[in-house]
Each structure stands twice: as C-alpha cells, then as structure tokens.
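# can't give you the sequence, but here's the structure:
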C-alpha cells in the first residue's frame, strides 16, 4: 500500500506545511512570460560550456515553467527526503517522552517549514532542483525550473525587456545544470557534506545529553550570533561549524560562479545588462523591514552573502588568472576555496599556484 504524505516520521505534517506555504506564497497578477524556455536553455548551454570549459557528461534536464505552488510541492518533497529519516531516528531515542516531544516539535517545525517555503516561493525566479542525497538521485532526476509568476512580476517591477531578462535568468540556472553535469564529483561532494550535517543533527537532538539550563557563556554566544545574523551557529558544535563553513564555501562558489558566468557571457545578448544587474541587486537587498527581519530570523540572509562573496571571488580570480582559474576551481574537491579564501582570493591563487597578490575585499 502506498504511504500517505503524513506517514514516515510523523513529526512534520507535510500536508499542513504545504498548505501554510501556499497561503504565505500567495499569488500575483503579473503577466506570465511568453519566452521559449527550450530555445533559451539550448543557447544558454552553448554559451556557458564555451566560456566555462565545463562539458556536461549527460544531457541537461529540459526547462519547465511552473507556478509557486508547484515549486512548493517540489521543495516539500526534497525537504521530506532529508528531514524525515533524521527526525525519525531522533524520536526513537526519546523513550517515554517521544509522544509529547513529537507533538511539540511537530507543530514548531511544520509551521517553520511552511513559512520558509512560502516566503521563498514569492521570490525565487528559477532553480536547478537536485536531490542532495546522491543515493536518491536515480529515483529523482534533476529538474530545471523557472517560476513563471515571479519572473513575470520581476519583469514588470524592473521595467525590463522580457526577452533580455528571461535570457539572463536562463543563463544563471543553466550554469548550475552545467556545473553538476560537467563536474562528476561535485554532487557526491555536496551530498557528503549534507550527510555530515544530518548526522550531526541527529547527535545534537539526543535530548538526554542536551536537557540543561544555558550558562552565561552560552547566552552571550547566542546573543552575539543573533546580532551577526548568523543564527546557524547558535546550536553548532566546533565540528559542525567546520562542516558548515565547508558547505557555505562550496555553495558560495556554486552561486558566485553562476553569477559571474551570467554576466560574462551576456553582454552581446543583453544591451540592458548593467540596468538588469543593478535592478536584481536592489531586489535582493531592498526588502521591507518585515521581510528583512524574517530573512534574518530564518537564516536566509546567508543566501545573499553567498551570491555576493562567491561572485567577488570568481570575478577576482578571472581578472588575475583568466577563465582557466574557473576551470581549476572545479578540477577536484581539494581545489575548492575555503571560506577564508573566498574573501581573500589571492590566498587561493597562491595555494593553487596561479597568481599574484590581489587586494582583500573591503569589510571581509
């Protein structure tokens, strides 16, 4: 018999989470773009592979135009594959506390998942959707998604030419597809880091070792993390912090590389490129006060820093050592920059034997 959406761990009510997300996501009256996604994807792949030197070893997934609710459903499925096994095993260790703990944890986590996905569903333009755990990749092949209502809304709010904006976004998402199809070890590397974090989460949720009142030092650490907007580190052990740093570094490279490529290959296609870049950067930073507070509380500001820091790194190494430096970044896992090297590209260039001193990023 097929298992229902609420089967499995029983901690998160995935049906309710999806309903909350759909309510938060809302709708838009913006006109749906009429772009030929297939043609955009083909041309983007040609340009991206020529510039990056990355050659896909398998066909890229076909582009799909979807709505906000379909985006939510897709990401609910992905989150469930990650979270259910962890929460199930964590609950097994609670003994007689298990029913009450599940009820309390379930309400909190279900609501948070719904709010986070609904908030993101309002803003995401496109997504290369990839199952993070590589053992599940065969059952859930990657997808190349474009959230059409949000793209239409962005075209309208930016006052952009639809064909230019859609081409620009397609270049970004196709770059992600080329990264994972052209770098055979990348998926396994990211999946390994995710497994490390999930294993750490299981250990951390062993409440038998965690039921205690926080001391003064712990309260100060939490307050400091809140001020920095670095909420991820509040519950992280030193070992987890190291893994998180590696995750942040590789995600900054992946996002920054796509940002660099979309600008580098677009000038002859997009006469309005400077205007588009300025508008997109404003969109990422000029949220309302409530939205910015929500983003900080949910740890979503990290995504913006990944775009900024990763693009800074890729721009800098290409200026210093040419596009061969981008190929070197993806040559092997050991060639990936550390989080510190992303802020100081010259240290990465020295380590891999490619280049000169570069100025450190201001405020890094």
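Right, received. Where do you want to start? What you see is a predicted model, and the numbers here were worked out from it, not measured in a lab.

# only C-alpha atoms from now on, for both contacts and neighbour counts.
Will do.

# so is residue 54 in a helix, a strand, or just coil?
Following DSSP: H, G, I helix; E, B strand; the rest coil, the label given to residue 54 is coil.

# so where is the stretch 201-350 of the chain shaky, pLDDT-wise?
201-239, 283-304 (pLDDT under 70).

# show me the helices in it, by range?
Secondary structure of the stretch 201-350 of the chain (DSSP state H, counting those that start in this stretch): helices at 216-228, 238-264, 273-285, 289-297, 301-321, 324-329, 339-343, 345-351.

# buried set for the fifth one?
Spelled out, it's helix 301-321. Judged by neighbour count (16 or more other C-alpha atoms under 10 Å), helix 301-321 contains these buried residues: 301-303, 306-317, 320.

# and the strands in the chain?
Under the criterion DSSP state E, the chain carries strands at the ranges 63-66, 126-129, 143-147.

# those: which one's closest to residue 80?
The closest approach between residue 80 and any of the strands of the chain, judged by C-alpha to C-alpha, belongs to strand 126-129 at 14.2 Å.

# what is that closest one packed up against?
strand 143-147, helix 162-182 (3 or more C-alpha pairs under 8 Å, 6 or more residues apart in numbering; DSSP states H and E).

# save those as TSV, and put in mean neighbour count and distance to residue 335 too.
Converted to TSV, the helices and strands packed on strand 126-129 look like this (neighbours: other C-alpha atoms under 10 Å; distance: least, C-alpha to C-alpha, whole Å):
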stretch	mean neighbour count	distance to residue 335
strand 143-147	22	27
helix 162-182	23	15
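
# okay, the ones you listed in a markdown table with mean pLDDT and distance to residue 195 next?
Output for the helices and strands packed on strand 126-129, formatted as a markdown table (pLDDT from 0 to 100; distance: least, C-alpha to C-alpha, whole Å):
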| stretch | mean pLDDT | distance to residue 195 |
| --- | --- | --- |
| strand 143-147 | 95 | 22 |
| helix 162-182 | 93 | 18 |
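
# give the contact list for residue 120.
Contacts for residue 120 (C-alpha atoms under 8 Å, 6 or more residues apart in numbering) come out as residue 25.

# so for residue 44, which of the helices and strands packed on strand 126-129 sits nearest?
Per C-alpha to C-alpha, nearest to residue 44 of the helices and strands packed on strand 126-129: helix 162-182, 5.2 Å.

# okay, the angle between the closest one and helix 273-285?
Orientation check (axes from the mean of the first three to the mean of the last three C-alpha atoms, to 10 degrees): helix 162-182 against helix 273-285 gives 70 degrees.

# which secondary structure elements does helix 162-182 sit against?
With contacts taken as 3+ C-alpha pairs under 8 Å, 6+ apart, helix 162-182 sits against helix 37-52, strand 126-129, strand 143-147, helix 148-158, helix 186-204, helix 238-264.

# most packed of those?
Across the helices and strands packed on helix 162-182, averaging neighbours per residue (mean count of other C-alpha atoms under 10 Å) puts strand 143-147 on top, at a mean of 22.

# name every strand pairing with that strand and say which way it goes.
Here strand 143-147 has these sheet partners by DSSP bridges: strand 63-66 (parallel), strand 126-129 (antiparallel).

# any chance of those in TSV, plus distance to residue 199?
Output for these, formatted as TSV (distance: least, C-alpha to C-alpha, whole Å):
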stretch	distance to residue 199
strand 63-66	33
strand 126-129	23
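
# including distance to residue 78, could the helices and strands packed on helix 162-182 go into JSON lines?
JSON lines is the format used below for those (distance: least, C-alpha to C-alpha, whole Å):
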{"stretch": "helix 37-52", "distance to residue 78": "24"}
{"stretch": "strand 126-129", "distance to residue 78": "9"}
{"stretch": "strand 143-147", "distance to residue 78": "12"}
{"stretch": "helix 148-158", "distance to residue 78": "20"}
{"stretch": "helix 186-204", "distance to residue 78": "13"}
{"stretch": "helix 238-264", "distance to residue 78": "17"}
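
# among these, which is nearest residue 165?
helix 148-158 (6.8 Å).

# run the angle between that closest one and helix 273-285 for me.
110 degrees.

# which elements pack onto helix 148-158?
On a contact count with 3+ C-alpha pairs under 8 Å, 6+ apart, helix 148-158 meets helix 162-182.

# run through who's touching the helix it packs on.
Contact with helix 162-182 is made by 33, 35, 40-41, 44-45, 48-49, 54-61, 125-128, 144, 151, 155, 186-187, 254-255, 258-259, 261-263, 266, 269-270, 272, 276, as judged by C-alpha under 8 Å, 6+ apart.

# kindly recompute the last result at 6 Å.
Outside helix 162-182, the residues within contact range by C-alpha atoms under 6 Å, 6 or more residues apart in numbering are 44, 54-57, 128, 258, 262, 270.

# how about stretch 334-343?
For stretch 334-343, the surrounding residues in contact (C-alpha under 6 Å, 6+ apart) are 249, 313, 329, 347-348, 364.

# now those residues in TSV, with distance to residue 19?
Formatted as TSV, these follow (distance: C-alpha to C-alpha, whole Å):
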residue	distance to residue 19
249	33
313	39
329	41
347	47
348	45
364	40
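
# got any ranges where the stretch 51-200 of the chain has weak pLDDT?
Within the stretch 51-200 of the chain, the stretches with pLDDT under 70 are 86-106, 133-139, 200.

# ok, 50 please
Applying pLDDT under 50 to the stretch 51-200 of the chain picks out residues 93-97, 100.

# against residue 107, how distant is residue 17?
To residue 107, residue 17 is 10 Å away according to C-alpha to C-alpha, to the nearest Å.
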